[in-house]
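> only geometry, no sequence info:
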């Protein structure tokens, strides 16, 4: 059988983790994690059948890219598509092996952070330095998270994040991810960091809607790869007890996705 043209998201998780660890401290254990903050979504496992065909099996819920194992009385269907604060723990001995492919996987051109899912492309973001993404999380309690808001005024985005967890958070970072306004887009990012955030306290940051990458060259008409538009907001933390796997598209926070600037407008 030929090797798939597209890496599985599990393999990419390993690559992303290895890259982050190589530049910083070794990953710490997830044994202390008691809270998981992320956007809940229903996901499936891809099984390739060959001849550009595939099937999707094993429906389950994830927060970010962490598989969720609901306990008694936990209904994740009511949180699908929402930000959620989940309470529970990680079981490092619980694994979910892939059922195995039955043929070659469809060939796709993809960026390193693109994960092909049943309902479209997902963006795999790296976690905070030294933080390991567990394979799964056992949930005892689950509720929607209401401590995040984004508003737009002109070409500025205002972010407010409130710590509604029952513990202070350490090394919180707000990251705005930008996508290029051109084919096969590249990315840019801006961020704001906070050393600690007490329970009930709020931090804020402002980011531009549009960014330009200075290249020092005058692009040919129709080949301007300098302009980028805000696409999603990610929240990171190096806290040992609270794990953040949260990256949410701005279209969900604002009601619509910010558009690329008019080529003639030259924003």
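Yes, it's here. Not measured: the values here are computed from a predicted model. Numbering: from 1, shown residues only.
> List the contacts of residue 160.
148, 149, 150, 202, 203, 204 (C-beta atoms under 8 Å, 6 or more residues apart in numbering). C-beta: built from backbone N, CA, C; applies to glycine.
> And the next helix or strand past the strand ranked longest in the chain?
Longest strand in the chain, counting residues (DSSP state E): strand 35-50. Next along the chain after strand 35-50, taking DSSP states H and E as the criterion, comes strand 53-63.
> quick one: the next helix or strand after that following strand to strand 35-50, angle?
Downstream of strand 53-63, the first helix or strand assigned by DSSP H and E is strand 66-70. Relative orientation of strand 66-70 versus strand 35-50 (axes from the mean of the first three to the mean of the last three C-alpha atoms, to 10 degrees): 110 degrees.
> re earlier: tabulate the contacts of residue 160 (JSON lines), appending pLDDT, distance to residue 232 and secondary structure.
Output for the contacts of residue 160, formatted as JSON lines (pLDDT from 0 to 100; distance: C-beta to C-beta, whole Å; DSSP: H, G, I helix; E, B strand; the rest coil):
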{"residue": "148", "pLDDT": "97", "distance to residue 232": "12", "secondary structure": "strand"}
{"residue": "149", "pLDDT": "97", "distance to residue 232": "15", "secondary structure": "strand"}
{"residue": "150", "pLDDT": "97", "distance to residue 232": "10", "secondary structure": "strand"}
{"residue": "202", "pLDDT": "97", "distance to residue 232": "21", "secondary structure": "strand"}
{"residue": "203", "pLDDT": "97", "distance to residue 232": "19", "secondary structure": "strand"}
{"residue": "204", "pLDDT": "96", "distance to residue 232": "18", "secondary structure": "strand"}
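> would you list those residues in CSV and tack on distance to residue 89 and neighbour count?
Output for the contacts of residue 160, formatted as CSV (distance: C-beta to C-beta, whole Å; neighbours: other C-beta atoms under 10 Å):
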residue, distance to residue 89, neighbour count
148, 24, 18
149, 29, 14
150, 31, 18
202, 28, 12
203, 27, 17
204, 32, 13
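> Strands along the stretch 101-250 of the chain, start to end?
In the stretch 101-250 of the chain, the segments counted as strands under DSSP state E, counting those that start in this stretch are 114-117, 120-123, 136-144, 148-153, 156-162, 169-180, 187-197, 202-208, 210-212, 227-237, 242-249.
> Turn these into TSV, including distance to residue 63.
Converted to TSV, the strands of the stretch 101-250 of the chain look like this (distance: least, C-beta to C-beta, whole Å):
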stretch	distance to residue 63
strand 114-117	15
strand 120-123	13
strand 136-144	7
strand 148-153	14
strand 156-162	17
strand 169-180	17
strand 187-197	20
strand 202-208	22
strand 210-212	29
strand 227-237	13
strand 242-249	6
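> residues contacting residue 190?
So residue 190 contacts 175, 176, 178, 207, 208, 211 (C-beta under 8 Å, 6+ apart).
> In terms of distance to residue 127, which of the residues you listed ranks first?
residue 175 (11.2 Å; C-beta to C-beta).
> My read is that the closest one contacts residue 191, right?
Yes: between residue 175 and residue 191 a contact is recorded at 4.4 Å, counting by C-beta atoms under 8 Å.
> okay, these two: which has more neighbours?
residue 175 (19 against 13; other C-beta atoms under 10 Å).
> For the more buried one, give the beta-bridge partners.
residue 191, residue 234 (DSSP bridges).
> which residues touch it?
Here residue 175 is in contact with 189, 190, 191, 233, 234, 235, 236 (C-beta under 8 Å, 6+ apart).
> Only whichever of the residues you listed are buried, select them in ChimeraX.
Command for ChimeraX that selects the buried part of the contacts of residue 175, burial taken from 16 or more other C-beta atoms under 10 Å:
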select :190,233,234,235,236
